[in-house]
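Engineer: Build me a model from this:
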Amino acid sequence: MPLRSVSVLIPTLNCAQTLELCLSSVAAQEYPRELIEIIIADGGSTDSTLDVARRYTDKIYANPLKTGEAGKAVALKQASSELIALIDSDNILPSPDWFTRMTAPFDDPDIVAAEPIEYTCRPTDPATTRYFALLGMNDPLCLFLGNYDRYSCVTGRWTEMPVESQVDAGSYLKVAFRPENMPTIGANGFVARREAVVNLGIGDYYFDIDVASQLSADRYFAKVKTGIVHLFASDLSVFARKQRRRMRDFQYYRSAGVRSYAWTDPRRTRGVLKFVLTSLLVFPLVAQAVAGYRRRPDLRAWLYHPAACWVTLVVYVTEFLAGPVRKQAIHERAGWGQ
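Structural biologist: Numbering: from 1, shown residues only. Down below sits the predicted model:
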């Protein structure tokens, strides 16, 4: 089968340092360069982000709404390739054959989208970055909900959500989901058929899980047996800031009624209660960290598990209580940067 063209969609905002690493990994791909177009949607960067971007592409567009979700929508409207690849500015492609591996499943006409099955853990990354890669998610609450989409060393699974069907196709798993029970698929290396996504009628915001959920009807996803690096948080203060932004944005979008993904499974409430109780008791968190350590020994990384859970609990409870009395708005991006 001939190789497919790919539009790489990257929202940016003051991310020069990570963007250089991201784009250099794209440029290092063995995939034919003429089949890759890089599209940047910038939210008004004041650092050297645009200078970095111009070294790799001339397809740079303004993102007046600033958020990553808005930037993805802006970039999607400019894409022209058969496939789109959602790669964030803090992602690094771990090997030169990444595009070859990620596009191969599309030889199967039933496959509508593909995603790496794990996060790549590099020994040279900060301990917090390694922790989230080994945990398999960026929010430890998801561990208690069972709603995650990358391999977790704590559980030895890539998701605990119900899977309609799963077939091992060699280099990837061919998976079908029920739309009402979609795991949090759709970001950090998500590749999809552009026409299928465009036909959903994306507006001003591209919400990852909403798009994946809508694509899942009578279609299959590929969980490719490869990874992707996510430079998510270099320390706990950065993690706390991102959790606060996540919660405030969620509250705003929910109040605005612009989200379509609504996971109402009873396990959600049970999972939240389990998370709160486990975090307060502490020792179950240590047991989880030990389980993860047994699968992937990295003591410094796993020491962050209790702290990450405590930070999440404090931030989410604080923001939940403040939500009703605070004017709902997208979390301010002034001064934001990776």
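
Engineer: residue closest to the middle of the chain?
Structural biologist: Nearest to the geometric centre of the chain sits Ala187, at 3.4 Å (CA atoms, centre = their mean).

Engineer: which ones are touching it?
Structural biologist: The neighbours of Ala187, taking CB atoms under 8 Å, 6 or more residues apart in numbering as the test, are Leu86, Asp88, Asp208. Bear in mind the C-beta positions are built from the backbone N, C-alpha and C, glycine included.

Engineer: Just give me the closest of these to Pro140.
Structural biologist: Here the nearest of those to Pro140, counting by CB to CB, is Asp208; it sits at 18.8 Å.

Engineer: Per-residue pLDDT of the closest residue to that closest one other than its chain neighbours, please?
Structural biologist: Once flanking residues are discounted, Asp208 sits nearest to Gly186: 3.0 Å by CB to CB, 6 or more residues apart in numbering. Gly186 carries a pLDDT value of 93.

Engineer: Which helix or which strand is home to Gly186?
Structural biologist: Using DSSP states H and E, Gly186 sits in no helix or strand.

Engineer: cool, the one 5 residues further on as well?
Structural biologist: Assigned by DSSP H and E, Val191 falls within strand 190-193.

Engineer: helix or strand right after the longest helix belonging to the chain?
Structural biologist: Secondary structure of the chain per DSSP state H: the longest helix is helix 236-256. Sequence-wise, the next helix or strand downstream of helix 236-256 (DSSP H and E) is helix 267-281.

Engineer: Can you list the buried residues in that next one?
Structural biologist: Neighbour-count burial for helix 267-281 flags Arg267, Gly271, Lys274, Phe275, Val276, Thr278, Ser279 (criterion: 16 or more other CB atoms under 10 Å).

Engineer: Can you add pLDDT and distance to Ala127 and give those back as CSV?
Structural biologist: Listed next are the buried residues of helix 267-281 as CSV, based on pLDDT from 0 to 100; distance: CB to CB, whole Å:
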residue, pLDDT, distance to Ala127
Arg267, 76, 31
Gly271, 90, 26
Lys274, 95, 26
Phe275, 95, 22
Val276, 95, 26
Thr278, 95, 22
Ser279, 95, 20
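
Engineer: Kindly reformat the residues you listed as TSV containing distance to Tyr252.
Structural biologist: Supplementary listing: the buried residues of helix 267-281 in TSV, determined by distance: CB to CB, whole Å:
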residue	distance to Tyr252
Arg267	26
Gly271	23
Lys274	27
Phe275	23
Val276	24
Thr278	28
Ser279	25
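
Engineer: Looking at these, which is nearest Met247?
Structural biologist: Using CB to CB, Phe275 comes nearest to Met247 of the buried residues of helix 267-281, at 14.1 Å.

Engineer: Now do the worst-scoring helix or strand of the chain on mean pLDDT: distance to the chain's middle.
Structural biologist: Lowest on mean pLDDT, DSSP states H and E among the helices and strands of the chain sits helix 236-256, with a mean of 87. Between the centre of helix 236-256 and the centre of its host chain there is 15 Å, according to CA atoms, centre = their mean, to the nearest Å.

Engineer: Of the contacts of Ala187, which is the nearest to Val198?
Structural biologist: The closest of those to Val198 turns out to be Leu86 (CB to CB; 13.9 Å).

Engineer: Ignoring the adjacent residues along the chain, who's closest to that closest one?
Structural biologist: Leaving aside its chain neighbours, Leu86 sits nearest to Phe190 (4.4 Å; criterion: CB to CB, 6+ apart).

Engineer: Am I right that Trp310 is in contact with Ser279?
Structural biologist: Yes: applying CB atoms under 8 Å, one finds Trp310 in contact with Ser279, separated by 6.0 Å.
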